[in-house]
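Fold the following.
(2 chains)
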Amino acid sequence: QVQLLQSAAEVKKPGASVKVSCKASGYTFTGYHIHWVRQAPGEGLEWMGWINPKSGGTMLAQKFEDRVTMTTDASTSTVYMELSRLTFDDTAVYYCARDPGQIVVLLGSMDVWGQGTTVTVSS
Amino acid sequence: DIQMTQSPSTLSASVGDRVTITCRASQSINNWLAWYQQKPEKAPNLLIYKASTLRSGVPSRFSGSGSGTEFTLTISSLQPDDFATYYCQQYDTYPWTFGQGTRVEIK
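Numbers count the residues shown, from 1 in each chain, chains lettered A, B, ... in the order given. Now for the predicted structure:
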C-alpha cells in the first residue's frame, strides 16, 4: 500500500544540524510532491515546504529558507529534510506528507503522511 | 501570512451529537481549504479538500462547506472514533498555514 516511512528519532545539541529521511513505497515516487510539516509538543501544525521528487525543485516557507534543505534520491525513493543551526524551538515531530496532485499539478492538501520523526534539541 | 482561526478551541459533545467547527481566514483563500483529523501520537488524516470535497473512504457524516474566508466542518452524528483534534489548512497563498486546532472531547 502507499506508505511513507520516516527515520528514527534524533537528539541534537543547539547549533547542530539534523537530517530526516522519508522513504516512499507503493506508488510512483516521482509522480507526487512531498511536503514537510512539523508539530512542536502540544502545539499545532506548521508547514515547512515541499519538494518535487522528479525535478528536485523546492518551495520553502520564508522562515525556513536559510536553514532548511530538501533533497531527493530517486534511486531509493527517498526524500530528505535537513534543518541546520538548531535551537530549542526546533524540538518537534517532523512529518513528511504526500500531495495528492499529479506532479504537474500541485494541489496543496496532504493525503498520505509518514509516521513522524521526533527531533529533540537538548544541551 | 494568512492567519487561520478556528473556533471553538475545545468542544465537548456526546455520541450522536451534530458538531460544527468554524475556520476563518484573514483573507480570501478561494476555497483552497483542507480539513484534517489528528489523534494523539498519530499523524494527521485528510478528511476534506477544496473546502467541501470528501476524500474517498471518509465517512459521509463528515462534510465541509464555506467560501472566501469562512468555512465549516460538520460531523452530522458524532461517533466514538471521532473524538480527536481537527485542523483546517489553507493552500491558497504561501506559506500555507493551519488553524490552531479544535479538540473534540467527550461530554
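
From A:Phe88, how far out is A:Ala40?
10 Å (CB to CB, to the nearest Å). Where you see a C-beta, it was placed from the backbone N, CA and C, and this is true even at glycine.

so where do the helices sit in chain A?
With DSSP state H as the definition, chain A shows no helices.

Closest residue of it to chain B?
Of all residues in chain A, A:Gly108 sits closest to chain B, at 2.7 Å by CB to the nearest CB.

So what touches the one helix or strand B:Gly66 maps to?
Per DSSP states H and E, B:Gly66 falls inside strand B:62-67. Outside strand B:62-67, the residues within contact range by CB atoms under 8 Å, 6 or more residues apart in numbering or on different chains are B:23, B:31, B:33, B:35, B:47-48, B:51-54, B:71-76.

Return the members of those residues classed as buried.
By neighbour count, with 16 or more other CB atoms under 10 Å in any protein chain shown, the contacts of strand B:62-67 hold B:23, B:31, B:33, B:35, B:47-48, B:51-52, B:71-73, B:75 as buried.

pull the CA atoms of whichever strand or helix holds B:Glu105 into CSV?
Of the helices and strands defined by DSSP H and E, B:Glu105 is found in strand B:102-106. What follows is strand B:102-106, C-alpha atoms only, in CSV (Å, rounded to 0.1, in the frame of the first residue of the first chain):
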residue,chain,number,x,y,z
THR,B,102,-10.2,22.2,17.7
ARG,B,103,-10.2,19.4,20.2
VAL,B,104,-13.4,17.4,20.3
GLU,B,105,-13.8,15.7,23.7
ILE,B,106,-16.4,13.5,25.3
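
Could I get the average pLDDT for it?
Averaged across strand B:102-106, pLDDT comes to 96.

Who has more neighbours out of A:Ala40 and A:Phe88?
Neighbours were counted for A:Ala40 and for A:Phe88 using other CB atoms under 10 Å in any protein chain shown; A:Ala40 has more, 13 against 10.

you'd agree the residue of chain A closest to chain B is up against B:Tyr91?
Yes: applying CB atoms under 8 Å, one finds A:Gly108 in contact with B:Tyr91, separated by 2.7 Å.

Spit out the residues that contact these two alike.
Residues touching both A:Gly108 and B:Tyr91 (CB under 8 Å, 6+ apart): B:32, B:34.

those strands in the chain, which residues are they?
I'll assume chain A. Per DSSP state E, chain A carries strands over the ranges A:3-6, A:10-12, A:18-25, A:34-39, A:45-51, A:58-60, A:68-73, A:78-83, A:92-98, A:112-113, A:117-121.

ah, no, chain B please
Using DSSP E, strands in chain B cover B:4-7, B:10-13, B:19-25, B:33-38, B:45-49, B:53-54, B:62-67, B:70-75, B:85-90, B:97-98, B:102-106.

Need phi/psi at the closest residue to B:Arg61 other than its chain neighbours.
Leaving aside its sequence neighbours, B:Arg61 sits nearest to B:Ser76 (CB to CB, 6 or more residues apart in numbering or on different chains; 4.5 Å). Backbone torsions of B:Ser76, given as degrees, to the nearest 10, read phi -70, psi -30.

What are the contacting residues of the strand holding B:Glu105?
B:6-14, B:19, B:21, B:75, B:78, B:82-87.
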